[in-house]
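Visitor: Structural data only, the sequence is not supplied:
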């Protein structure tokens, strides 16, 4: 696995995006999102996604220039038609409007449809928190998760992220409501490894440890009935308020050919936050349980890894990097 | 277990509350909350809580008359000092202000401190949803839950509820971020029954199936690291914005003698919601997995039970009802 300087990687993928008609300012946002995921060790939301983004632009289901059209349905409710724009471009544009209005109003909701994949929600939560505001972020996805007690995928992986200031560093939490990502199941299948028995059902709805069978099946909600209830509630709330598709009607988060009809919801809260550093320090210093070396605060492992990788360079998967370099060469030949 | 007419039970407990100085209008709100929990089969949040509420009033840590003092920190951010009022009285008063403002602004946050136990958050979510608005509700509690990888209780059971219109009936989801309630562990201890191995740690931080040992230990977060991350994020967000206590400093949600310093957060969203009934019907009608008879939509089992109990009467625990009747008789003698 080659370790590459972060700036070099950024330049290569920014060049690729720009070669497909992405304006430099939009490319910068998409690149920042993908690189941040790689830096934090979240490869499933990193460079792996680049080929699909480029394909989606080529196929006309992602508009490289669109930033979305925003409309204030109410003084605190921003509705955004992403106009097939790149997910992070539309999201950052919406958040910029929402953050400014939240400074006056205390709270703003931004509901987005017709934008492409947002990537890791932690990216947005951290940015908003560093500006001194709180963010609760939701997004839906294609149906990959079965309802608790069901055997077919009917619910998105529906993540939630929460970012807030209040310490030396912002607190940022980001989790899907599925027990595991479909990316991780694909990864097990590629390596021929079995998956734990409680991760997924096969296409017939039977529990399986065969990762290849799980790929065409359904992932379990995390935490059983409770995680199911949360994931379903997020799907209903986000799609209900934004006006996006629901359940098995959601398209365009996994393929390269269909317009993306999932939805996203941001709640930006602007209000002083009491200091939480002492509490987080107590959590961090808590005596670990049997089998654990320490207690972790969500987001901190990724942040530490990011510092290290910013200094030492980014380890990038061989095959993926070869694919990106080949695309780059093809672009230069053209 | 006696089955009693709902109105009779209401009258008895309303009389008890009023005998302690609770104005009738406030008693009605507290009674509605407790009875609704009983009707929905949530005994842990029902009449069981009444003796403690009465004791807290007697001991001066709950003010039967207070409705809280609200202040608009920003046009969309309502901060409420509950002034030791009964939880549902303060919450309904705050929600009334928030709902009215949300009709203009699209969204309002209400952050509450210094109010007593709110009870089941579903109660509020359903009411707001029936008025045509969405509610995301959070509340903190005394530290009962261990961080993932830790051995000591440091986090509240920190529930979230989401209510929204959009179908024939509102969708209402309500879940704690602990794997189980402390009430259920007490219930197992009372019956001398073991608890599942993944529910709790004992006071030394070791896993236990002994419910009595678990009572002085720590409950697991639901869904492992993910549920821990959610519960911690809710604690930080709610206490950070409302200004309440954090972690092991939280008091007054389980005892009868200390002022309650947990916090509550409501986000009221007023915006048209796309219909979600067809999607919910598909979930409800989904083919069940092995070992399940059907797929349930969160909140619907409780609602069906409520309809049945409203017609047939409320089954009330013998010992609890005897205690309530004795309190009532004592009140009449006085």
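Guide: Looks like it arrived, so ask away. Just so we're clear, the structure is a prediction, and the values are computed from it rather than from any experiment. Numbers count the residues shown, from 1 in each chain, chains lettered A, B, ... in the order given.
Visitor: show me the contacts for residue A:324.
Guide: Residue A:324 sits next to A:12, A:13, A:16, A:47, A:50, A:51 when contact means Cβ atoms under 8 Å, 6 or more residues apart in numbering or on different chains. Any C-beta I mention is one placed from the backbone N, CA and C, and that applies to glycine too.
Visitor: What is the burial count for the second one?
Guide: For residue A:13, the neighbour count with other Cβ atoms under 10 Å in any protein chain shown is 22.
Visitor: on that earlier part again, ok, so of the contacts of residue A:324, who is nearest residue B:252?
Guide: Minimum distance to residue B:252 across the contacts of residue A:324 is 50.4 Å, recorded for residue A:47 (Cβ to Cβ).
Visitor: and the closest one, how many residues sit next to it?
Guide: So residue A:47, with other Cβ under 10 Å, has 22 neighbours.
Visitor: gap between it and residue A:90?
Guide: According to Cβ to Cβ, to the nearest Å, residue A:47 and residue A:90 sit 21 Å apart.
Visitor: restrict the contacts of residue A:324 to contacts with chain B.
Guide: Among the contacts of residue A:324, no residue lies close to chain B (Cβ under 8 Å from any Cβ of the partner chain).
Visitor: Please, where are all the helices along the stretch 201-334 of chain A?
Guide: Here the stretch 201-334 of chain A has its helices, by DSSP state H, counting those that start in this stretch, at A:211-215, A:224-242, A:277-284, A:300-312, A:318-333.
Visitor: Do the longest one and chain B come into contact?
Guide: Yes. Contact between helix A:224-242 and chain B, assessed by Cβ under 8 Å from any Cβ, occurs at A:224, A:226-230, A:232-234, A:236-237, A:239-241.
Visitor: any idea how chain A splits into domains?
Guide: Per automatic domain parsing, the structural domains of chain A span A:3-178+A:221-276+A:301-333, A:179-220.
Visitor: could those domains go into TSV alongside mean pLDDT and distance to residue B:68?
Guide: Below are the domains of chain A laid out as TSV (pLDDT from 0 to 100; distance: least, Cβ to Cβ, whole Å):
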stretch	mean pLDDT	distance to residue B:68
domain A:3-178+A:221-276+A:301-333	96	18
domain A:179-220	93	40
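Visitor: Comparing these, which comes out most buried?
Guide: Most buried of the domains of chain A, by mean neighbour count (mean count of other Cβ atoms under 10 Å in any protein chain shown): domain A:3-178+A:221-276+A:301-333, with a mean of 21.
Visitor: That domain: end-to-end distance?
Guide: This stretch, domain A:3-178+A:221-276+A:301-333, spans 26 Å end to end (Cα to Cα, to the nearest Å).
Visitor: cool, stretch A:290-306 as well?
Guide: 28 Å.
Visitor: quick one: contacts of it?
Guide: Counting by Cβ under 8 Å, 6+ apart, A:36, A:39-42, A:122, A:126, A:169, A:171-175, A:280, A:283-286, A:288, B:147-151, B:205-207, B:228-229, B:232-233 sit against stretch A:290-306.
Visitor: residue contacts, the residue of chain A found nearest chain B?
Guide: Closest approach between chain A and chain B, counting by Cβ to the nearest Cβ: residue A:223, at 2.4 Å. Taking Cβ under 8 Å, 6+ apart, we find residue A:223 in contact with A:179, B:179, B:222, B:223, B:224, B:226, B:227.
Visitor: Setting aside sequence neighbours, what's the nearest residue to it?
Guide: Closest residue to residue A:223 apart from its sequence neighbours, by Cβ to Cβ, 6 or more residues apart in numbering or on different chains: residue B:223 at 2.4 Å.
Visitor: Look up phi and psi at that neighbour.
Guide: According to degrees, to the nearest 10, the main-chain angles of residue B:223 amount to phi 70, psi 30.
Visitor: before we move on, what about residue A:81?
Guide: phi -90, psi 110.
Visitor: The one 4 residues further on too?
Guide: With angles defined as degrees, to the nearest 10, residue A:85 shows backbone torsions of phi -70, psi 160.
Visitor: what residues are up against residue A:84?
Guide: Taking Cβ under 8 Å, 6+ apart as the test, what residue A:84 contacts is A:61, A:62, A:63, A:66, A:114, A:115, A:116, A:259, A:260.
Visitor: Distance of the first one relative to residue A:84?
Guide: By that I understand residue A:61. 7 Å.
Visitor: And for residue A:151?
Guide: Applying Cβ to Cβ to residue A:151 and residue A:84 gives a distance of 34 Å.
Visitor: go on, residue A:29?
Guide: Residue A:29 is 16 Å from residue A:84, by Cβ to Cβ.
Visitor: same check, this time on residue A:237
Guide: 24 Å.
Visitor: before we move on, what about residue A:171?
Guide: Between residue A:171 and residue A:84 the distance is 33 Å, computed by Cβ to Cβ.
Visitor: next one: residue A:90
Guide: In terms of Cβ to Cβ, residue A:90 sits 9 Å off from residue A:84.
Visitor: which residues do those two both contact?
Guide: Listed contacts common to residue A:90 and residue A:84 are A:66, A:115, A:116; contacts here mean Cβ under 8 Å, 6+ apart.
Visitor: Reduced to three states, what does the first one come out as?
Guide: Per DSSP: H, G, I helix; E, B strand; the rest coil, the local secondary structure of residue A:66 is coil.
Visitor: Look up the residues forming beta bridges with the nearest residue to it once chain neighbours are set aside.
Guide: Closest residue to residue A:66 apart from its sequence neighbours, by Cβ to Cβ, 6+ apart: residue A:85 at 3.3 Å. Beta-bridge pairing of residue A:85 under DSSP bridges involves residue A:63, residue A:115.
Visitor: same check, this time on residue A:111
Guide: residue A:79, residue A:265.
Visitor: what's near enough to touch it?
Guide: Residue A:111 touches A:77-80, A:238, A:241-243, A:263-266, B:271, counting by Cβ under 8 Å, 6+ apart.
Visitor: With respect to residue A:132, which of those is nearest?
Guide: Nearest member of those to residue A:132, counting by Cβ to Cβ, is residue A:266, at 15.8 Å.
Visitor: For the residue nearest the centre of chain A, give its distance to residue A:135.
Guide: Residue closest to the mean C-alpha point of chain A, counted by Cα atoms, centre = their mean, is residue A:120 at 2.4 Å. In this view, residue A:120 and residue A:135 are 13 Å apart by Cβ to Cβ.
Visitor: what residues are shared contacts of the two?
Guide: residue A:161.
Visitor: Around chain B, pick out the residues from the stretch 51-200 of chain A.
Guide: Residues of the stretch 51-200 of chain A lying near chain B (Cβ under 8 Å from any Cβ): A:73-77, A:104-109, A:111, A:134, A:136, A:146-152, A:154, A:160, A:162, A:164, A:166, A:171, A:173, A:175-176, A:179.
Visitor: Strands - which of these land there?
Guide: Counting by DSSP state E, these place A:73-74, A:77, A:107-109, A:111, A:134, A:136, A:160, A:162, A:164, A:171, A:173, A:175 in strands.
Visitor: Can you tell me which of those is closest to residue B:98?
Guide: For those, the nearest to residue B:98 is residue A:107 (10.5 Å; Cβ to Cβ).
Visitor: can you pull the contacts of the closest one?
Guide: A:76, A:267-271, B:74, B:76-77, B:107-109, B:267.
Visitor: swap the cut-off to 6 Å and go again
Guide: Going by Cβ atoms under 6 Å, 6 or more residues apart in numbering or on different chains, residue A:107 touches A:269, B:76, B:77, B:107, B:109.
Visitor: and if you look at residue A:45?
Guide: Contact analysis of residue A:45 by Cβ under 6 Å, 6+ apart lists A:37, A:119, A:120.
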